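A.B. asks: Fold the stuff below for me.
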Amino acid sequence: MRQSIESVINQTYKNWELIIIDDCSSDSTPEIAKEYLDKEDRIRYYRNEINLKLPRGLNRGFSLANGDYLTWTSDDNLYLPTAIERMVQVLQSGQADFVFATCEVINENGEVIEIIKAPKDYKEAIIGGNFVGACFLYTRKVYETIGDYDVNKFLVEDYDYWLRVFCRFNVHNIEEALYQYRWHEGALTSTEKKDSINSMCEKVLLENIDNYGRLNLKQKYYLYSQLNRLRQTRQKEKERKEYKHKANIYGMYYYLFFRIPERLKNIF
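C.D. replies: Numbers count the residues shown, from 1 in each chain. Have a look, this model is predicted:
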């Protein structure tokens with residue numbers, strides 16, 4: 001937690017406030033937070049009387065925020081020094097209302113083991129999976145328009161939120177890695193059943209897809225490929241037959257009209 005807080009304090013962008021929401025921790029979180037309260041007036045600390053879980057905890061934190069730009073981070077993750085400055089620059093330029101950056105996934109020893117990076121066609125690919133990662137920033141206009149995180153979407157509350165944002169606002173991706181996401185066996189998502197997460201992802205995708213209007217060929221490929229993957233581990237073959245069939249059809253068109261021309265372009 002100290003490392004996470006220090007990564008905020010050490011940002012090159014200095015006009016920030018850090019709101020710490022303690023969701024009934026049983027460790028030394030209160031003591032560590034109070035250490036920083038005594039020496040940093042840009043930090044505020046709140047402890048929930050009952051465990052709210054992540055979506056409600058996020059909603060409480062955002063309701064207390066004063067800034068024009070909003071984000072959230074976790075106690076075991078780290079911002080790289082220029083993260084907030086780089087993202088603020090994008091929002092202030094008017095390029096977008098929501099910006100996100102590449103993340104490095106690190107293990108318990110701080111070693112980079114994976115990179116979370118968005119595809120080039122991220123505006124369409126969002127319906128094919130959650131690649132936004134944990135480094136993002138958005139305007140208060142987004143917050144006031146989209147509203148709270150859905151408390152019924154625990155563990156996929158972020159993907160549900162991004163789906164709601166991408167169909168209504170301009171988004172921008174920074175390819176540079178600006179954040180380190182720590183993965184360990186005790187991480188929240190690593191302790192939950194994959195089938196349950198897949199089921200919830202399918203639910204939020206189907207609930208949000210109508211907001212994207214008429215889908216183009218590439219979007220249909222991403223949609224049905226994702227739905228097929230989400231059902232693959234938890235459904236019998238006949239129960240995902242329709243998704244698999246459409247995923248194969250649109251996959252063929254995607255390969256023919258996009259992948260082959262791209263490869264030929266790279267060759268010549």
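A.B. asks: Which parts of the stretch 101-250 of the chain are helices?
C.D. replies: Listed in chain order, the helices of the stretch 101-250 of the chain (DSSP state H, counting those that start in this stretch) span 122-125, 140-146, 157-166, 194-208, 217-232, 241-254.
A.B. asks: In CSV: these, plus distance to V112.
C.D. replies: From N, CA and C alone the C-beta is placed, and that goes for glycine too. Output for these, formatted as CSV (distance: least, C-beta to C-beta, whole Å):
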stretch, distance to V112
helix 122-125, 22
helix 140-146, 30
helix 157-166, 22
helix 194-208, 24
helix 217-232, 26
helix 241-254, 31
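A.B. asks: of all those, which lies closest to K39?
C.D. replies: Among the helices of the stretch 101-250 of the chain, the nearest to K39 by C-beta to C-beta is helix 140-146 (28.3 Å).
A.B. asks: The closest one - what's its average pLDDT?
C.D. replies: Across helix 140-146, pLDDT averages out at 98.
A.B. asks: ok, and what's touching it?
C.D. replies: Contacts to helix 140-146, defined as C-beta atoms under 8 Å, 6 or more residues apart in numbering, come from residues F62, G67, D68, Y69, L70, D97, F98, Y161, R164, V165, R168, F169.
A.B. asks: one more time with 10 Å, if that's ok
C.D. replies: The contact list for helix 140-146 (C-beta atoms under 10 Å, 6 or more residues apart in numbering) reads 62-63, 65-70, 91, 96-98, 138-139, 161-162, 164-165, 168-169, 171.
A.B. asks: Buried ones among those residues?
C.D. replies: Burial by neighbour count, 16 or more other C-beta atoms under 10 Å: within the contacts of helix 140-146 this picks out 62, 65, 69-70, 91, 96-98, 138-139, 161-162, 164-165, 169, 171.
A.B. asks: need the strands for the chain, in chain order.
C.D. replies: 18-22, 43-47, 69-70, 78-79, 98-106, 112-116, 136-139, 171-182 (DSSP state E).
A.B. asks: what sits against V105?
C.D. replies: 77, 111-116, 133-134, 179-183.
A.B. asks: Is it possible to get a markdown table of these that adds pLDDT and neighbour count?
C.D. replies: Shown next, in a markdown table, are the contacts of V105 (pLDDT from 0 to 100; neighbours: other C-beta atoms under 10 Å):
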| residue | pLDDT | neighbour count |
| --- | --- | --- |
| N77 | 97 | 19 |
| E111 | 94 | 9 |
| V112 | 96 | 11 |
| I113 | 95 | 10 |
| E114 | 95 | 12 |
| I115 | 96 | 11 |
| I116 | 96 | 19 |
| G133 | 94 | 22 |
| A134 | 96 | 21 |
| Y179 | 98 | 22 |
| Q180 | 98 | 22 |
| Y181 | 96 | 19 |
| R182 | 94 | 20 |
| W183 | 88 | 16 |
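A.B. asks: and the residues you listed as a markdown table, adding distance to E104?
C.D. replies: Formatted as a markdown table, the contacts of V105 follow (distance: C-beta to C-beta, whole Å):
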| residue | distance to E104 |
| --- | --- |
| N77 | 10 |
| E111 | 10 |
| V112 | 5 |
| I113 | 9 |
| E114 | 8 |
| I115 | 6 |
| I116 | 8 |
| G133 | 10 |
| A134 | 10 |
| Y179 | 7 |
| Q180 | 5 |
| Y181 | 7 |
| R182 | 10 |
| W183 | 10 |
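A.B. asks: just curious, which of those is nearest to R240?
C.D. replies: Nearest member of the contacts of V105 to R240, counting by C-beta to C-beta, is I116, at 26.5 Å.
A.B. asks: what sits against that closest one?
C.D. replies: I116 neighbours (C-beta under 10 Å, 6+ apart): 100-105, 130-135, 177, 179, 181.
A.B. asks: now P119
C.D. replies: Contacts of P119 (C-beta under 10 Å, 6+ apart): A125, I126, G128, G129, F131, N173, Y222.
A.B. asks: what does N66 give?
C.D. replies: So N66 contacts E17, I19, R44, R140 (C-beta under 10 Å, 6+ apart).
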